[in-house]
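Peer 1: Predicted model and sequence below, questions to follow.
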Amino acid sequence: MPKTKKSHRPRRSNPIEVSKAINTGSSAKLKKKIRDIERLLNKNDKLPADKKIEYERALKGLNVELQNSQNVLKAKNNATKYHMVRFFEKKKAVRKLKQLRKVYEEVQKTEVRKDIKKARKQLKHGEIDLMYVMLFPKSEKYISLYPSANDEDLSDPNVKIGLRKTEARRLEFRKEVEKMMEEGKVPFTVDDIMSGKNIKSHAATARVAPSEEIDAPEQKDSDSQEDDFFE
């Protein structure tokens with residue numbers, strides 16, 4: 001019998017599952033997977049629409065996971081690098097706050113409204129300072145609350161610009177902390193810190209939440225030594 005010819009159908013590529021693509025592990029593996037998918041999308045103009053959507057969805061998920069992975073690594077490095085300065089600034093802030101509380105108690109006994117108001121304001125500043133140390137994001141270079149005198153060349157305009165930016169960020173974050181405290185968004189209290197309670201800090205970098213676009217096609221035109229915090 002004559003052999004029947006086998007029909008040669010184009011082999012279908014294995015689909016990319018977003019969950020498997022995202023769980024590839026290290027940043028290096030994530031970057032390689034991202035490059036592979038980008039290369040595939042750039043070189044293949046004849047991909048079926050459903051496959052293109054699937055690859056784009058996987059690519060977005062991988063980029064989100066890569067950013068989270070890099071943020072976690074950066075936070076770990078900063079936690080190590082600034083461990084001691086934050087540790088000592090916390091102790092200093094606690095010591096100052098104890099003094100301010102003592103002063104406030106003494107001033108209250110005088111019943112002089114002006115002095116009581118001033119002492120209350122200083123007490124609030126002390127509480128914000130302590131929360132600043134605890135809440136400053138680990139994803140950023142830590143900006144000291146109590147900077148020591150340095151030998152910076154203030155005649156250098158670049159140095160002046162850098163110092164202004166540092167001071168601006170310090171003041172900006174103090175305001176953020178004050179707002180969080182006023183709105184009750186801090187997951188622990190000043191008394192928790194003062195009492196030595198074991199606190200899991202929320203200062204670590206937040207994960208980037210995958211947006212709804214990850215599951216949709218891309219549309220055109222249209223961010224304990226003494227407690228767990230210091231580990």
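Peer 2: Structure's in. What do you need?
Peer 1: What values do phi and psi take at Lys138?
Peer 2: Dihedral angles of Lys138 (phi, psi; degrees, to the nearest 10) stand at phi -70, psi -10.
Peer 1: Give me the contact list for whichever helix or strand Lys121 is part of.
Peer 2: According to DSSP states H and E, Lys121 maps onto helix 113-135. With contact meaning Cβ atoms under 8 Å, 6 or more residues apart in numbering, helix 113-135 is reached by 86, 89-90, 93-94, 96-97, 100-101, 103-104, 107-108, 110, 145, 173-174, 177-178, 180-181, 186, 188, 190, 193, 199, 201-203, 229. Backbone N, C-alpha and C define where each C-beta goes, glycine included.
Peer 1: repeat that for 7 Å
Peer 2: 86, 89-90, 93-94, 96-97, 100-101, 103-104, 107-108, 145, 173-174, 177-178, 181, 186, 190, 193, 201, 203, 229 (Cβ atoms under 7 Å, 6 or more residues apart in numbering).
Peer 1: Put the alpha carbons of it into CSV.
Peer 2: C-alpha atoms of helix 113-135 as CSV (Å, rounded to 0.1, in the frame of the first residue of the first chain):
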residue,chain,number,x,y,z
ARG,A,113,-1.4,77.8,79.9
LYS,A,114,1.4,79.3,77.8
ASP,A,115,4.1,77.1,79.2
ILE,A,116,1.8,74.0,79.0
LYS,A,117,1.1,74.7,75.4
LYS,A,118,4.8,75.0,74.6
ALA,A,119,5.7,71.9,76.5
ARG,A,120,2.9,69.9,74.7
LYS,A,121,4.2,71.1,71.4
GLN,A,122,7.8,70.0,72.2
LEU,A,123,6.4,66.6,73.4
LYS,A,124,4.6,66.1,70.1
HIS,A,125,7.8,66.9,68.2
GLY,A,126,9.6,64.3,70.3
GLU,A,127,7.0,61.6,69.5
ILE,A,128,7.3,62.4,65.8
ASP,A,129,11.1,62.1,66.0
LEU,A,130,10.8,58.6,67.5
MET,A,131,8.2,57.5,64.9
TYR,A,132,10.5,59.0,62.1
VAL,A,133,13.3,56.6,63.1
MET,A,134,10.9,53.6,63.3
LEU,A,135,9.0,54.3,60.1
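Peer 1: buried residues in it?
Peer 2: Across helix 113-135, burial judged by 16 or more other Cβ atoms under 10 Å covers 119, 122-123, 126-135.
Peer 1: any idea which of those is closest to Ala28?
Peer 2: Ranked by distance to Ala28 (Cβ to Cβ), these are led by Leu135 at 31.7 Å.
Peer 1: Would you quantify the distance from that closest one to Ala49?
Peer 2: Taking Cβ to Cβ, to the nearest Å as the measure, Leu135 and Ala49 are separated by 47 Å.
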